[in-house]
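generate coordinates for the sequence data below:
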Amino acid sequence: AEPAVDHGWGEPADWLREAESRFHGADVIPAASACRALLRRAGASVQQRRTGTERVPESLRAIGVTLREYEVFELLAFRLSNKALAARLHISPRTVEKHVAALLMKTSVRDRAELAGFAAQHSSASEV
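Modelled structure (predicted):
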């Protein structure tokens, strides 16, 4: 994968994400870590490996949505302000703003309103 990253061959980020997931699942941590390092070198987002990541739907994990971004994503379905989201998640409004910006980029939607509609269709949140 290193030459693919260095020379722009094919889609190394896709390959590396799949390899990292398989190595992580097989508990081959050094190989999974190497894949993560190459993903960062390629400028690709790297999925966090923390408790609860299984809550993030595979389709969103595949585009690099983190667990914390998914928590913001779920609450966006209720069209809450950054301040209200921040209070619920015990983070700053600026951090919420950064997560929303990352979600807009990763999901390729035009604006926050469209992202909120997308979240309403795709999140597992059932109540606020």
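
going forward, measure contacts and count neighbours with C-alpha atoms only.
Noted.

quick one: stretch 65-85 to chain centroid distance?
Centroid displacement of stretch 65-85 relative to its chain, using C-alpha atoms, centre = their mean, to the nearest Å, is 12 Å.

kindly report the same for stretch 1-18.
19 Å.

stretch 54-71 - what's its average pLDDT?
The average pLDDT within stretch 54-71 is 89.

which residues touch that stretch?
With contact meaning C-alpha atoms under 8 Å, 6 or more residues apart in numbering, stretch 54-71 is reached by 17, 45-48, 50, 52-53, 89, 99-100, 102-103, 106-107.

helices - which of those residues land there?
17, 89, 99-100, 102-103, 106-107 (DSSP state H).

now the residue nearest in space to the middle of the chain: how far from residue 73?
Centroid-nearest residue in the chain: residue 65, 1.0 Å away (criterion: C-alpha atoms, centre = their mean). According to C-alpha to C-alpha, to the nearest Å, residue 65 and residue 73 sit 9 Å apart.

which residues do these two both contact?
Between them, residue 65 and residue 73 share the contacting residues residue 103, judged by C-alpha under 8 Å, 6+ apart.

so where's the protein shaky on pLDDT?
48, 123-128 (pLDDT under 70).

tell me how it divides into domains.
Here the domain assignment for the chain is 10-47, 55-122, based on the TED database.

how far does the longest one stretch from start to finish?
Its start and end residues considered, domain 55-122 measures 12 Å (C-alpha to C-alpha).
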